[in-house]
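Engineer: starting from these lines, generate the structure:
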Amino acid sequence: MPRFPMFSEDLKHHLEERFGFAIQSSQPLRGGDINSVFLLKSNDTHYVIKLNEVMLFPDMFQKESNGLYALRSTQAIDVPQVMGYGDYNSKTYLVMEFKKSGQTGQQGFWELFGEQLANLHRNTQEAFGFKEDNYIGSLPQYNRSARSASEFYIEQRLRPQFQMASERGYEFDHLEKFYQIIEQIIPDEPPALIHGDLWSGNYMVNSDNNPCLIDPAVAYAPREMDLAMMKLFGGFDDQMFQAYRASFPLEKDWEKRIPLWQLYYILVHVNLFGGHYYQRAKEVLGYYLS
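Structural biologist: Just a heads-up that it's a prediction; the model follows:
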């Protein structure tokens, strides 16, 4: 298990000097497996800080900040505002506005979520990729420019994860044949700005009882990737998908492609955790090769 950095008195003084607010108290919050997270209380407002060791994940918070900014700048869906990021001694940090939680299960929430996600996905650019590589969890995620959805998915998503898996002792057969097969299956749609890691732990209900996205792994990528990730571990109501499709119709047979997009996220879990994810990845591969 990683040893998370603590919120020290020295860091408190550094943040107060840099951001110009007085920190009255700090309180640990539930975070992921990578960072430690604290709620910082000041007289007039609250902030969230994520902390880690500088040497563990180079530029992680800069890249997360850029991802949050890309999502927030669309004005399609609520995203926390970044106050700043930086390094202090051996620590690296990201400071954001604190989003107070609202009530879950409010009428119309899932329909709004679907419509707002569709609006986010309408943001596009000429090529697939992003201005920089970033992270998916604690693993590197590659975003070099690609001309087509299939080229991007194979070269920037699948191939690096399969290579990493091989280096860790997880072998897969007939990958080149697999790539040739799925190249014909992936629809030729324009790039969409996607969250990139949209499982149920990476959204919250804000104080207006509306969806708010956190912890992104953004790229201009095939939009079906977000929907497939949402279905991988569950936690999203069918009303959301219905509202999404009504707002931004999907290409024919999109549901049949869900396992294909999920393969990327399963491979990430293979490389992070191994175990039954390896067998699950082989099953998806075998389905398309059969």
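
Engineer: contacts for stretch 29-40, please.
Structural biologist: 2, 4-7, 15, 23, 25-28, 46-52, 57, 95, 98, 137-138, 201, 215 (CB atoms under 8 Å, 6 or more residues apart in numbering). Quick note: C-beta positions are derived from backbone N, CA and C, even for glycine.

Engineer: in contact with the nearest residue to residue 287 once chain neighbours are set aside, which residues?
Structural biologist: Nearest in space to residue 287, with sequence neighbours left out and distances taken as CB to CB, 6 or more residues apart in numbering, is residue 259 at 6.5 Å. With contacts taken as CB under 8 Å, 6+ apart, residue 259 has the following neighbours: 228, 284, 287.

Engineer: and the nearest residue to residue 146 once chain neighbours are set aside, what does it touch?
Structural biologist: In space, residue 146 comes closest to residue 152 once its chain neighbours are excluded; the distance is 3.6 Å by CB to CB, 6+ apart. Contacts of residue 152 were listed using CB under 8 Å, 6+ apart, and they are 128-129, 146, 191, 221-222.

Engineer: repeat that for residue 147.
Structural biologist: If a contact means CB under 8 Å, 6+ apart, then residue 147 has 127-128 as its contacts.

Engineer: that one and residue 155, how far apart?
Structural biologist: Spatial separation of residue 147 from residue 155 under the definition CB to CB, to the nearest Å is 11 Å.

Engineer: what pLDDT does residue 3 get?
Structural biologist: What the model reports for residue 3 is a pLDDT of 49.

Engineer: and for residue 161?
Structural biologist: According to the predicted model, the pLDDT of residue 161 comes to 98.

Engineer: do the same with residue 92
Structural biologist: In this prediction residue 92 is given a pLDDT of 94.

Engineer: which helix or strand in this structure has the lowest average pLDDT?
Structural biologist: Taking mean pLDDT, DSSP states H and E as the measure, the helix or strand of the chain with the lowest value is strand 25-29, at a mean of 89.

Engineer: and the angle from whatever helix or strand comes next after it to strand 25-29?
Structural biologist: Next in sequence after strand 25-29, counting helices and strands by DSSP states H and E, comes strand 36-41. For strand 36-41 against strand 25-29, the angle by axes from the mean of the first three to the mean of the last three CA atoms, to 10 degrees is 140 degrees.

Engineer: can you pull out the strands in the stretch 51-200 of the chain?
Structural biologist: With DSSP state E, counting those that start in this stretch, the ranges of strands along the stretch 51-200 of the chain come out as 82-88, 91-97, 134-136, 139-141, 192-194.

Engineer: of these, which stretch is the most buried?
Structural biologist: Comparing the strands of the stretch 51-200 of the chain by mean neighbour count (mean count of other CB atoms under 10 Å), strand 192-194 comes out on top with a mean of 24.

Engineer: distance from that one to the middle of the chain?
Structural biologist: In terms of CA atoms, centre = their mean, to the nearest Å, the centre of strand 192-194 is set 11 Å apart from its chain centre.

Engineer: wait, residue 172 sits on residue 281?
Structural biologist: Yes: the pair formed by residue 172 and residue 281 meets the contact definition of CB atoms under 8 Å, at 7.3 Å.

Engineer: out of these two, which sits in the more crowded spot?
Structural biologist: Ranked by neighbour count (other CB atoms under 10 Å), residue 172 and residue 281 place residue 281 first, with 24 against 16.

Engineer: gap between the more buried one and residue 203?
Structural biologist: Looking at residue 281 against residue 203, where the rule is CB to CB, the gap reads 25 Å.

Engineer: alright, I will stop here.
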